[in-house]
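In: All I have is the shape, not the residue letters:
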């Protein structure tokens, strides 16, 4: 009877800013953490477990008045290689692109090996990024030479 | 190789290993060449070691070099809380080359990034021990006349044994065939098998030494440590399957030699020591020539 009930929660369209789409639902909060969006002052909207034709379920983030360097945004490729970006200016889409897996990552991922020097002294981490035979992203530590896999990736 | 650190066996090419082995051969003929008289080498042992430290110190002494350093972290400023970076930067001011062993994985690579003099890794935790690998290669080449096309059996703890991992990686460049003998729990990790596969080589896995001992050129024994087993009953069950006894050598190939990185506990019966196929003490001596060669090469003297 109450036909005024809104069936959808409408997130306002961005005037200026970035939309990060197609993030795996279970990686949304990790992506937010990697990009430090939990510590910034811009308005951030996010949703997760949303239906996606391509992936079944997805997460999405919208950030007002914020644009990213490729290098910075590519960090999330480690957890969300399917993510796509849309940049909006004056309500118009000005560019669309996909994240790219970086060849090397420094300082923001922790080495999973508890005996690695980077977990004991103030040594910035450094990894080579590679994909295994099954296409899974893995990180080879420059120091202890052990491989950190996606399940045991932790972020500093 | 001059002024280049030796941290991991992957740092040097096949030609570079072979150069070091050739120089070591020269030192074997004439070990007391006084070419290091104007050099100071630091040996920093943040954890105790007998064989590796003494063979390095013997190598440096035989070449006439001066040695400074410490034999465990308790007698260094590390016990006051100094970081590895600060220790290395300081000692680099006092020496031409640093040989170091440290309990943490990756410590030697980090040291090489902050040091103004080259670093030789004498063991970083469970990660790498490249000078052991080079002396193993030297011992294989010396006993077999070549490093190419060797059939080698690795026995015991293939999962955690860093010497095994390094030697598998190195021999993958020399068309070796690998025979891997271990209990189920201690099989060679797939990250190491990858090197064998990428080189297009073959490996075979066994659980008993007898299955393969008569076919191989080198039998590389390792120690199985009790603490590697989650289940102590499992350890008791397998521990005796990996003990080499003299009678087992009876039908082995005439060129076959037994290698072991030492220290040995009980995995090779002492009766084997008298068998001419036992080579592990000679292998330890080869360590001196190989370390002379590594030090001299990195200092640009050979």
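Out: Yep, that arrived. These numbers come from a predicted model, not from an experiment.
In: Which residues belonging to the lengthiest helix in chain B are considered buried?
Out: Using DSSP state H, we find that the single longest helix of chain B is helix B:280-298. By 16 or more other Cβ atoms under 10 Å in any protein chain shown, the buried positions in helix B:280-298 come out as B:280, B:283-284, B:286-298. C-beta: built from backbone N, CA, C; applies to glycine.
In: Which stretches in the chain count as strands?
Out: This is for chain A. A:17-23, A:44-52, A:56-64, A:84-89, A:92-98, A:104-106, A:109-110, A:126-131, A:137-141, A:147-149, A:154-155 (DSSP state E).
In: Oops, wrong one, chain B.
Out: B:40-45, B:66-70, B:97-102, B:119-124, B:151-155, B:177-181, B:203-206, B:218-221, B:257-259.
In: can you redo these as TSV with mean pLDDT, distance to chain A and mean neighbour count?
Out: Below are the strands of chain B laid out as TSV (pLDDT from 0 to 100; distance: least, Cβ to the nearest Cβ, whole Å; neighbours: other Cβ atoms under 10 Å in any protein chain shown):
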stretch	mean pLDDT	distance to chain A	mean neighbour count
strand B:40-45	97	14	22
strand B:66-70	96	18	16
strand B:97-102	97	8	26
strand B:119-124	96	8	26
strand B:151-155	98	19	23
strand B:177-181	98	20	23
strand B:203-206	98	17	16
strand B:218-221	98	21	26
strand B:257-259	98	24	24
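In: Throw the strands of chain A into JSON lines and include mean neighbour count and distance to residue B:230, thanks.
Out: Shown next, in JSON lines, are these (neighbours: other Cβ atoms under 10 Å in any protein chain shown; distance: least, Cβ to Cβ, whole Å):
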{"stretch": "strand A:17-23", "mean neighbour count": "21", "distance to residue B:230": "38"}
{"stretch": "strand A:44-52", "mean neighbour count": "14", "distance to residue B:230": "38"}
{"stretch": "strand A:56-64", "mean neighbour count": "19", "distance to residue B:230": "37"}
{"stretch": "strand A:84-89", "mean neighbour count": "17", "distance to residue B:230": "44"}
{"stretch": "strand A:92-98", "mean neighbour count": "11", "distance to residue B:230": "43"}
{"stretch": "strand A:104-106", "mean neighbour count": "13", "distance to residue B:230": "33"}
{"stretch": "strand A:109-110", "mean neighbour count": "20", "distance to residue B:230": "25"}
{"stretch": "strand A:126-131", "mean neighbour count": "17", "distance to residue B:230": "29"}
{"stretch": "strand A:137-141", "mean neighbour count": "20", "distance to residue B:230": "25"}
{"stretch": "strand A:147-149", "mean neighbour count": "18", "distance to residue B:230": "21"}
{"stretch": "strand A:154-155", "mean neighbour count": "11", "distance to residue B:230": "24"}
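In: For those, give me CSV that also has distance to residue B:181 and mean pLDDT.
Out: CSV is the format used below for the strands of chain A (distance: least, Cβ to Cβ, whole Å; pLDDT from 0 to 100):
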stretch, distance to residue B:181, mean pLDDT
strand A:17-23, 47, 95
strand A:44-52, 50, 92
strand A:56-64, 46, 94
strand A:84-89, 51, 95
strand A:92-98, 48, 94
strand A:104-106, 38, 94
strand A:109-110, 36, 95
strand A:126-131, 30, 94
strand A:137-141, 28, 95
strand A:147-149, 25, 93
strand A:154-155, 37, 88
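In: Which of these sits closest to residue B:48?
Out: strand A:137-141 (25.8 Å; Cβ to Cβ).
In: circling back to that earlier point, just tell me which of the strands of chain A ends up closest to residue B:125.
Out: Using Cβ to Cβ, the nearest of the strands of chain A to residue B:125 is strand A:137-141, at 12.2 Å.
In: Now look at the closest one and say if it contacts chain B.
Out: Yes - for a cut-off given as Cβ under 8 Å from any Cβ of the partner chain, strand A:137-141 has contacts with chain B, namely residue A:141.
In: before we move on, the earlier item: wait, which of the buried residues of helix B:280-298 is closest to chain A?
Out: Taking Cβ to the nearest Cβ as the measure, chain A lies nearest residue B:294 of the buried residues of helix B:280-298, at 19.9 Å.
In: The closest one contacts residue B:17, doesn't it?
Out: No - the pair residue B:294 / residue B:17 is not scored as a contact, 10.4 Å apart, by Cβ atoms under 8 Å.
In: which residues do those two both contact?
Out: Counting by Cβ atoms under 8 Å, 6 or more residues apart in numbering or on different chains, the contacts common to residue B:294 and residue B:17 are residue B:134.
In: picking up where we left off before, packing partners of the longest helix of chain B?
Out: helix B:14-29, helix B:51-62, strand B:97-102, strand B:119-124, helix B:130-144, strand B:257-259 (3 or more Cβ pairs under 8 Å, 6 or more residues apart in numbering or on different chains; DSSP states H and E).
In: do that again at 10 Å, thanks
Out: Applying 3 or more Cβ pairs under 10 Å, 6 or more residues apart in numbering or on different chains; DSSP states H and E, one finds that helix B:280-298 contacts helix B:14-29, helix B:51-62, strand B:97-102, strand B:119-124, helix B:130-144, strand B:218-221, strand B:257-259.
In: Between strand B:97-102 and it, find me the angle.
Out: Interaxial angle of helix B:280-298 relative to strand B:97-102 (axes from the mean of the first three to the mean of the last three Cα atoms, to 10 degrees): 130 degrees.
In: How far off centre is helix B:280-298?
Out: Relative to the centre of its chain, helix B:280-298 is centred 10 Å away, using Cα atoms, centre = their mean, to the nearest Å.
In: Quick check: phi and psi on whatever residue of chain A ends up closest to chain B?
Out: Minimum separation of chain A from chain B (Cβ to the nearest Cβ) falls at residue A:143, amounting to 2.6 Å. When read as degrees, to the nearest 10, the backbone of residue A:143 gives phi -100, psi -60.
In: what angle do the longest helix of chain B and strand B:40-45 make?
Out: Interaxial angle, helix B:280-298 versus strand B:40-45 (the same axes, to 10 degrees): 130 degrees.
In: Tell me how many other residues crowd residue A:75.
Out: Per other Cβ atoms under 10 Å in any protein chain shown, the neighbour tally for residue A:75 reads 20.
In: for the nearest residue to it once chain neighbours are set aside, what are its contacts?
Out: In this structure, residue A:75 finds its nearest non-sequential neighbour in residue A:34, 5.3 Å apart by Cβ to Cβ, 6 or more residues apart in numbering or on different chains. Residues near residue A:34 by Cβ atoms under 10 Å, 6 or more residues apart in numbering or on different chains: A:27, A:72-73, A:75-80, A:108-109, A:153, A:155-156.
In: what separates residue B:160 from residue B:45, distance-wise?
Out: Going from residue B:160 to residue B:45 by Cβ to Cβ, to the nearest Å gives 21 Å.
In: wait, I meant residue A:136
Out: 39 Å.
In: Specify the stretch among the helices and strands packed on helix B:280-298 that is closest to residue A:101.
Out: Closest among the helices and strands packed on helix B:280-298, using Cβ to Cβ: strand B:119-124, at 28.6 Å.
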